[in-house]
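> what follows is a protein structure lacking sequence information:
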């Protein structure tokens with residue numbers, strides 16, 4: 001007891017030798033509209049153009065897993081927002097006409113997916129833009145046109161061209177790829 005009293009009396013001013021570390025995290029909102037299909041590629045998408053929204057909801061866990069193991073400092077929550085929801089949240093902007101501009105103005109991310117077609121291939125390209133409009137991840141998945149040969153009844157060589165289709169597996173692979181590539185500072 002005497003030792004306790006003497007230490008209190010002779011200790012003087014209390015000293016604090018502790019540093020305080022304050023960290024904060026923010027939620028991340030990502031606007032994900034349906035797949036944009038460029039002119040001439042209307043028949044190239046074999047999946048629903050809205051499937052990109054649900055696949056993004058599932059794929060965001062790839063990015064969060066990187067944060068779990070210390071590879072990235074990632075947002076606590078990632079909200080995937082569809083066309084219908086974005087109109088309710090930010091009704092003052094034309095998301096159908098200029099989605100990237102609106103995403104920059106309203107300070108959230110934007111995932112854009114585009115199906116295009118040329119004479120020899122069909123491509124799906126997915127971009128993720130941050131709140132400043134900078135591309136933070138991108139992935140392109142292409143399929144080449146198939147040509148098959150056969151001989152008809154007269155013995156002449158014939159060829160048949162088959163245009164490739166973008167399937168749900170292609171969309172899933174592209175979406176997963178961009179979420180794995182993502183870097184958040």
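Everything's here; your move. The structure displayed is predicted, hence computed values, not measured ones.

> switch to C-alpha atoms for all contacts and neighbour counts from now on
Fine.

> what is the residue nearest to residue 81 when sequence neighbours are not counted paired to in the beta sheet?
Leaving aside its chain neighbours, residue 81 sits nearest to residue 31 (4.8 Å; criterion: Cα to Cα, 6 or more residues apart in numbering). Beta-bridge partners for residue 31, by DSSP bridges, are residue 81, residue 110.

> in contact with residue 31, which residues?
80, 81, 82, 83, 86, 103, 108, 109, 110, 111 (Cα atoms under 8 Å, 6 or more residues apart in numbering).

> cool, and residue 127?
Residue 127 neighbours (Cα under 8 Å, 6+ apart): 111, 112, 113, 135, 136, 137, 138, 139, 178.

> what does residue 161 give?
Going by Cα under 8 Å, 6+ apart, residue 161 touches 145, 146, 147, 148.

> lowest-confidence helix or strand of this protein?
Every helix and strand of the chain was ranked by mean pLDDT, DSSP states H and E. The lowest is helix 2-9, at a mean of 50.

> top of the contacts of residue 161 by neighbour count?
Comparing the contacts of residue 161 by number of neighbours (other Cα atoms under 10 Å), residue 145 comes first, having 16 neighbours.

> can you check the pLDDT for it?
Residue 145 carries a pLDDT score of 86 in this model.

> that one touches residue 163, doesn't it?
Yes. Judged on Cα atoms under 8 Å, residue 145 makes contact with residue 163 at a distance of 5.0 Å.

> any residues in contact with both of the two?
Contacts common to residue 145 and residue 163, judged by Cα under 8 Å, 6+ apart, are 121, 122.

> now do the contacts for residue 32.
Taking Cα under 8 Å, 6+ apart as the contact definition, residue 32 lies against 52, 53, 56, 80, 81, 82, 83, 110, 111, 112.

> tell me how far it lies from residue 118.
Between residue 32 and residue 118 the computed distance is 25 Å (Cα to Cα, to the nearest Å).

> could you do residue 147 as well?
Residue 147 sits 15 Å away from residue 118, going by Cα to Cα.

> same check on residue 161?
From residue 161 over to residue 118 the distance is 13 Å, taken as Cα to Cα.

> strands along the protein, start to end?
Applying DSSP state E to the chain gives strands spanning 28-31, 36-37, 78-81, 109-117, 121-129, 135-144, 146-151, 157-162.

> any idea how far stretch 43-56 is from the chain center?
14 Å (Cα atoms, centre = their mean, to the nearest Å).

> quick check: buried residues in that stretch?
44, 45, 47, 49, 52, 53, 55, 56 (16 or more other Cα atoms under 10 Å).
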